[in-house]
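Visitor: Provide a 3D model corresponding to the input given below.
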Amino acid sequence: MTAPFSSFSRRAFLGLGAAAVSAAALGACGAGGPAPSGSGSGGAGALTVLCEAGGQAELTPVADAFSKETGTKVTFVALPYEGLYNRFNTELSAGTPSFDVAAMDAIWLPTFAGKLSPLDDLFTDEVKADLFPSLVTGAQIDGKYVGMPVWANAEILFYREDLFSDSKEKAAFESKYGYELAAPTTWQQFNDVAQFFTRGTELYGTDVKGAVETEWLAHVVQAGAAGTVLDPSGKVIIDDAAHLSALTFYSDLANKLKVAPAGAAQVDWAAAQNLFNQGKTAMTRFWAHAYRQIPKDASVYGKVGVAPMIGGTAGVGAIPGPWYLSLPSEGKQSELATKFVQYAYDHNELSIQSDLGLAARISAFKAYQDKDGYESFKPLIATLDGPATKARPLTPKWQQIVDTVLVPTIQSSLKPGADYQALLTQARGKVESLVG
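Guide: Here you go, the predicted structure:
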């Protein structure tokens, strides 16, 4: 599951990312639990919105504006990530939702699609044109749109601008590699730069995150795969040439090039972020929201540049981390709830004013891309709109695949002498047993 920051787990940075970094943000999200009496599904002029603890900050400006304009009372019920999934599973399965609107992780939509109201009328050509293609694709399950994107994130490239702009470093790099030192755009350039900046244990060129799957999958789509793990028809393709090429590139950074700190198999998002903020790595591929959250006491504060995610043979590509607003099909206030979802789309830019500062509409990101402090938006736009960017497979088995196959496979690939093709062949059999 692609959790915002319920904890510093390997899921923690996907999609939202702010809650674990900011304890204050978590505290502001509410205690969760049952919907307050007199609000939500049973009350006229009132809505209950169920969300993950880190997501309320994104939705609060929208809810405040909606309440002011319509007089509707909006009550949030905020839960930890795992608790949120369990709440959905229990209430939607029983047909007794206590909420009117739900903020859902993209990977949950295939699981709950049969219990969600179609939002097809909201997805006009104009609306779809202002959303990144992968977000539109991810919203549609079995031919019906069951969620409206409310915010999205993706990995981009973070780099030490102070190192990249240093005249001595630039001269040394060009002398060695024959081209100018700059933020890499290709796998080969990334390898070159990572090797150049690896200076013993004091500084490494980059990190390798063996405890998460998303970054390897980003390289899979960059290599031109028809999908990640599964192709659009549901066929298992985890052992094809693109997956192998991506695993070779990714794991060789640690195994052969030695440009990442030791213990890569256990490095997750939090560890990688700490390494970069402490000045231990010259580059990291990381979620775009983190640019605005580099602590002022970090050794790299004020020294960080950002660029689009690197590209492979298929060009720039990433795995988006979107969240969607959905409505329970058995909700009692579908008309008012639909108006809220439409309002959230129409005023999507309000979410950028939150601490996390993400949106889903292209126009909302572009409205801020030239403002101070939002330098990550142009690279994020380029990455979300990249030719290779793809949503995760629309299968309810996805989280099980991640936990039992993908992460163990990546971690095994980071052992000395690992046979990448053999690992992917084994992974294929495991995935096939899960998806049937």
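Visitor: all contacts plus neighbour counts: C-alpha atoms, from now on.
Guide: Will do.
Visitor: Could you tell me how many residues sit around residue 190?
Guide: 20 (other CA atoms under 10 Å).
Visitor: ok, it - contacts?
Guide: 184, 310 (CA atoms under 8 Å, 6 or more residues apart in numbering).
Visitor: Help me confirm that it is found in a helix?
Guide: Yes. Remark: residue 190 belongs to a helix, assigned using DSSP: H, G, I helix; E, B strand; the rest coil.
Visitor: What distance do you get for residue 338 to residue 194?
Guide: Applying CA to CA, to the nearest Å, the value for residue 338 to residue 194 is 48 Å.
Visitor: the more surrounded of those two?
Guide: residue 194 (25 against 20).
Visitor: do you know how far that one is from residue 208?
Guide: 11 Å.
Visitor: Equivalent analysis for residue 174, please.
Guide: 25 Å.
Visitor: Looking at these two, which is more packed in?
Guide: Neighbours around residue 174 and residue 208, counted as other CA under 10 Å, are more numerous at residue 208. The numbers are 28 against 12.
Visitor: Enumerate every residue touching the more buried one.
Guide: Going by CA under 8 Å, 6+ apart, residue 208 touches 250, 251, 253, 254, 260, 261, 264, 265, 267, 272.
Visitor: Could I get the full set of helices for the stretch 151-300 of the chain?
Guide: 161-164, 167-177, 187-197, 214-222, 241-255, 269-277 (DSSP state H, counting those that start in this stretch).
Visitor: most packed of the ones you listed?
Guide: helix 214-222 (a mean of 27; mean count of other CA atoms under 10 Å).
Visitor: which helices and strands does that helix pack with?
Guide: helix 241-255, strand 311-312 (3 or more CA pairs under 8 Å, 6 or more residues apart in numbering; DSSP states H and E).
Visitor: Please export the C-alpha coordinates of that helix as PDB.
Guide: C-alpha atoms of helix 214-222 as PDB (Å, rounded to 0.1, in the frame of the first residue of the first chain):
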ATOM      1  CA  THR A 214       8.700   1.800  -6.700                       C
ATOM      2  CA  GLU A 215      12.100   3.100  -7.800                       C
ATOM      3  CA  TRP A 216      13.000  -0.100  -9.600                       C
ATOM      4  CA  LEU A 217       9.600  -0.100 -11.300                       C
ATOM      5  CA  ALA A 218      10.300   3.500 -12.500                       C
ATOM      6  CA  HIS A 219      13.300   2.100 -14.300                       C
ATOM      7  CA  VAL A 220      11.200  -0.700 -15.700                       C
ATOM      8  CA  VAL A 221       8.900   1.700 -17.500                       C
ATOM      9  CA  GLN A 222      11.900   3.800 -18.600                       C
END
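Visitor: ok now it, how far from the chain's centre?
Guide: 12 Å (CA atoms, centre = their mean, to the nearest Å).
Visitor: I'd like the numbering to begin with 479 instead of 1 from here.
Guide: From this message on, residue numbering opens at 479, which makes the last subject helix 692-700.
Visitor: Report the angle between it and helix 719-733.
Guide: For helix 692-700 against helix 719-733, the angle by axes from the mean of the first three to the mean of the last three CA atoms, to 10 degrees is 140 degrees.
Visitor: Need the residues that contact helix 692-700.
Guide: 633, 687, 705-706, 720-721, 723-725, 728, 763, 789-797, 866-868.
Visitor: now do stretch 868-883
Guide: For stretch 868-883, contacts defined as CA under 8 Å, 6+ apart pick out 479, 585-589, 612-613, 615-616, 619, 691, 699, 705-710, 795-798, 905, 908-909, 912-913.
Visitor: one more time with 7 Å, if that's ok
Guide: 479, 588-589, 612, 616, 691, 699, 706, 708, 796-798, 905, 908-909, 913 (CA atoms under 7 Å, 6 or more residues apart in numbering).
Visitor: Are any of the residues you listed buried, and if so which?
Guide: Among those, those buried by neighbour count (16 or more other CA atoms under 10 Å) are 479, 588, 612, 616, 691, 699, 706, 708, 796-798, 905, 909, 913.
Visitor: Show me the strands in the stretch 479-628 of the chain, by range?
Guide: Using DSSP state E, counting those that start in this stretch, the strands of the stretch 479-628 of the chain run over 524-530, 551-557, 579-583, 618-619, 622-623, 626-629.
Visitor: can you redo the ones you listed as CSV with mean neighbour count, distance to residue 759 and mean pLDDT?
Guide: CSV is the format used below for the strands of the stretch 479-628 of the chain (neighbours: other CA atoms under 10 Å; distance: least, CA to CA, whole Å; pLDDT from 0 to 100):
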stretch, mean neighbour count, distance to residue 759, mean pLDDT
strand 524-530, 26, 31, 97
strand 551-557, 23, 34, 97
strand 579-583, 26, 30, 98
strand 618-619, 20, 39, 96
strand 622-623, 19, 41, 98
strand 626-629, 28, 29, 98
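Visitor: among these, which is nearest residue 782?
Guide: Distance to residue 782, taken as CA to CA, is lowest for strand 626-629 among the strands of the stretch 479-628 of the chain, at 23.9 Å.
Visitor: Show me what that closest one is packed up against.
Guide: strand 801-804 (3 or more CA pairs under 7 Å, 6 or more residues apart in numbering; DSSP states H and E).
Visitor: Run me through the strand neighbours of the strand it packs on, direction for each.
Guide: strand 579-583 (antiparallel), strand 626-629 (antiparallel) (DSSP bridges).
Visitor: could those strands be laid out in CSV, adding distance to residue 826?
Guide: CSV is the format used below for the strands paired with strand 801-804 (distance: least, CA to CA, whole Å):
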stretch, distance to residue 826
strand 579-583, 14
strand 626-629, 7
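Visitor: low-confidence ranges in the chain?
Guide: For the chain, applying pLDDT under 70 flags the ranges 479-522.
Visitor: per-domain residue ranges of it.
Guide: The record's domain parsing of the chain by automatic domain parsing lists 501-631+799-838, 633-797+872-913.
Visitor: and of those domains, who's closest to residue 860?
Guide: Among the domains of the chain, domain 633-797+872-913 sits nearest to residue 860 (CA to CA), with 6.1 Å.
Visitor: end to end, how far does the closest one reach?
Guide: Terminal residues of domain 633-797+872-913 are spaced 28 Å apart (CA to CA).
Visitor: mind checking how far that domain is from the chain centre?
Guide: That offset, for domain 633-797+872-913, works out to 14 Å (CA atoms, centre = their mean).
Visitor: Same question for stretch 844-855.
Guide: With CA atoms, centre = their mean, you get 19 Å for stretch 844-855.
Visitor: same check, this time on stretch 628-643
Guide: 14 Å.
Visitor: who's in contact with that stretch?
Guide: Stretch 628-643 has contacts (CA under 7 Å, 6+ apart) with 493, 647-648, 659-660, 760-766, 781-787, 796-803, 823, 826, 836-838, 857-858, 861-862.
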